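A.B. asks: Provided below for reference: sequence and predicted model.
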Amino acid sequence: MTWLELPEDTGFGLANLPFGVFSCRGRVMRTGIAVGDAVLDLGGLTEDPLHLSGSLNELMALGPRAWRELREQVTDWLTQPSCRRVVEPHLIPQAEVRMHRPFEVADYVDFYSSQHHAENLGRILRPGTPPLPANWKHLPVGYHGRAGTVDVSGTPVVRPCGQRRDGDDVTFGPTRRLDIEAEVGFVVGMPSEPGTSVPVAALPEHVFGVCLVNDWSARDLQAWEYVPLGPFLGKSFLTSVSPWVVPLAALDAARVAPPPRDVPLQPYLQDDAPWGLDLTLEVRLNGEVVSRPPFASMYWTPAQQLAHLTVNGASLRTGDLFASGTVSGPERDQRGSLIELCEGGADPLTLADGTTRTFLEDGDVVTITATAPGADGSRISFGEVTGQVMPAR
Ligand SMILES: O=C(O)/C=C/C(=O)CC(=O)CC(=O)O
Ligand SMILES: [Ca+2]
Ligand SMILES: [Mg+2]
């Protein structure tokens, strides 16, 4: 029980307690926790420099024991009637705060772990070839992204320019195929030693929490540049993350088994206590739901992705972000990118206002949200990651 009056059905109840960085009333950036429609100002309440640093990195670097203790402490503050007098003045309406990028991104890696997404793109972009690459069921395929251009939800999405192929010509200009990718991101807190690998079972020792990711993609730039080294400028102009990082500890009730494996796995990818997660994403285009991607359908789990990332001895740093890859389910209205939803442009979407879309137009707003089951029948909200497309500069 809590002395707080929480909105009925809130996704920000005591089972969640996600962390973010905010500012308001002209004060310095500080760490906060979303509680109902409010933000608990941890910086103001504790006056601890840890929570006044303007990023979650220092907290994340402390490791799982400190994360657990803080979570217990916050639960006490919000439940003990004796704490109310001291805590309540530090609850600020969410509508009054500005959210910032929650952590400094060290390395950013993006996987490709939805079989439905990978097969759809294979079919659309590489007709006549097998839908999945030969390696796909043996290892979680991924690429290195650009950490410095990961930014918080709300950052304008300026239409990028670049090279693209136009028939037999190569031209330069604003992308004509600006797309989204609805993804889930995993944020590393505890580093690992260079030369060691992190086993699948050690996910909770290293991963602090989970956020939403939109991996904006310029499909025409990408198609021309990506052979043979993979995505580059077609994705590096901006990657958006949600402001709230949901603690991994809040997701115990959401754990599910991933889909059955068709190919025997190398021992380092075998998982006795699986880390599939039952999150349901929603993608809105100008307010209208265009897709509901189910994260539970992902073939590779974050634990397997983490084990794969480090199996060669590559170390983890605090602030590393690894994204799941586009989340697409088996149904057409569960696809996590426009290139899939409109079949590469061949079958445009019709929106409620009567307009049609293949790729994004200037002014379009894309918002991704997600929820998951929480402890004791509660619901966990991930908040949202949103962005509006601005004309090319
Ligand atoms: O299949 C391709 O050529 C391209 C794939 C992507 O663009 C997807 C990517 O960034 C990885 C993912 O989000 O699943
Ligand atoms: Ca992606
Ligand atoms: Mg990106």
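C.D. replies: Structure's in. What do you need? Ligands and ions are numbered 1, 2, ... in the order given.
A.B. asks: which SS class is the residue nearest to Ile124 when sequence neighbours are not counted?
C.D. replies: Of all residues not flanking Ile124 in the chain, Gly344 sits nearest, at 4.1 Å (Cβ to Cβ, 6 or more residues apart in numbering). In short, each C-beta sits where N, CA and C put it, glycine included. The local conformation at Gly344, judged by DSSP: H, G, I helix; E, B strand; the rest coil, is helix.
A.B. asks: Can you give me the domain assignment for this structure?
C.D. replies: As assigned by automatic domain parsing, the chain contains the domains 19-100, 108-390.
A.B. asks: Gly13 is nearest to which of those domains?
C.D. replies: domain 108-390 (5.3 Å; Cβ to Cβ).
A.B. asks: Can you give me the end-to-end span of the closest one?
C.D. replies: Start-to-end span of domain 108-390 (Cα to Cα, to the nearest Å) is 24 Å.
A.B. asks: what comes into contact with stretch 67-78?
C.D. replies: 2-4, 14, 17, 33, 35, 40, 42, 45, 59-60, 83, 86-87, 189, 208, 247, 249 (Cβ atoms under 8 Å, 6 or more residues apart in numbering).
A.B. asks: swap the cut-off to 6 Å and go again
C.D. replies: Thr2, Leu4, Leu14, Leu17, Cys83, Val87 (Cβ atoms under 6 Å, 6 or more residues apart in numbering).
A.B. asks: farthest pair in these?
C.D. replies: Between any two of the contacts of stretch 67-78 (Cβ to Cβ), the greatest distance is 14.9 Å, for Leu17 and Cys83.
A.B. asks: between those two, who's got more neighbours?
C.D. replies: Comparing Leu17 with Cys83 by other Cβ atoms under 10 Å, the one with more neighbours is Leu17, at 22 against 15.
A.B. asks: Distance check, the residue lying closest to Asp110 once chain neighbours are set aside against Glu183.
C.D. replies: Residue nearest to Asp110 in three dimensions, not counting chain neighbours: Ala323, with 4.6 Å by Cβ to Cβ, 6+ apart. Distance, Ala323 to Glu183, using Cβ to Cβ, to the nearest Å: 5 Å.
A.B. asks: Model confidence at the nearest residue to Glu96 once chain neighbours are set aside, what's the number?
C.D. replies: In this structure, Glu96 finds its nearest non-sequential neighbour in Cys24, 5.3 Å apart by Cβ to Cβ, 6+ apart. Cys24 is assigned a predicted lDDT (pLDDT) of 95.
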